[in-house]
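> structure here, sequence nowhere to be found:
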């Protein structure tokens, strides 16, 4: 499914303080800079942005994969992570210092948008289930993700942090670990 939205995991620092929402287009709206191609994004981002091919990204020694989608590492990106049609973006400066489980969740959440679309709650659930099934999200890590999320006020697309966390805990319980060898 080709996505037609910019998906942001979290809110930029201003949004975190004010609770003001970033506008996200409806799918019926015409193409804009929110649908920027990977080549155009890299050109616009400049020399600080780095392209990581699918399957090559490591976050704190964990290899992260989102199908055949590459990841752009962009220290100027306005949030922790985002998803454009066909690729993900991570801001290493914003992720620096966060617990590993939170970093991995940011990536998995953005990857979720590639598969399930715009729904933020579904992307949260996708990220939590993926983390539990792949073994990198344990209860302690989920608590770290919830501590991080709980500070977010919410906006038109994201529920307030505590509400998001409550749903994520339910998703965690629904997802069992992957069977050995899978």
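Structure's in. What do you need? Everything numeric in this text was worked out from a predicted model, so none of it was measured.

> after the least confident helix or strand in the chain by mean pLDDT, next one along is what?
Across the helices and strands of the chain, mean confidence by mean pLDDT, DSSP states H and E is lowest for helix 13-18: a mean of 29. Counting by DSSP states H and E, the next helix or strand C-terminal to helix 13-18 is helix 38-45.

> for residue 49, give its distance to residue 170.
Look at residue 49 and residue 170: by CB to CB, to the nearest Å, they are 36 Å apart. To be clear about C-beta, it is placed using only N, CA and C from the backbone, and glycine gets the same treatment.

> all helices for the chain, in order.
13-18, 38-45, 92-95, 100-116, 120-134, 139-149, 161-174 (DSSP state H).

> what packs against the second one?
Spelled out, it's helix 38-45. strand 71-73, strand 87-90 (3 or more CB pairs under 8 Å, 6 or more residues apart in numbering; DSSP states H and E).

> highest average neighbour count across these?
Of all these, strand 87-90 has the most neighbours on average by mean count of other CB atoms under 10 Å, namely a mean of 25.

> quick one: mean pLDDT over that strand.
In this model, strand 87-90 has a mean pLDDT of 97.

> that one pairs with which strands, and in what direction?
strand 71-73 (parallel), strand 81-84 (antiparallel) (DSSP bridges).

> how far out from the middle of the chain is the first one?
Distance, stretch centre to chain centre, for strand 71-73: 12 Å (CA atoms, centre = their mean, to the nearest Å).

> who touches it?
38, 41-42, 45, 49-52, 57, 64, 87-92, 107 (CB atoms under 8 Å, 6 or more residues apart in numbering).

> list buried residues within the residues you listed.
41-42, 45, 49, 51-52, 57, 64, 87-91, 107 (16 or more other CB atoms under 10 Å).

> quick check: which ranges of the chain have low pLDDT?
Within the chain, the stretches with pLDDT under 70 are 1-34, 152, 154-160, 177-182.

> ok, the one residue sitting closest to the centre of it to residue 173 distance?
Centroid-nearest residue in the chain, with CA atoms, centre = their mean: residue 110, separated by 2.8 Å. From residue 110 over to residue 173 the distance is 23 Å, taken as CB to CB.
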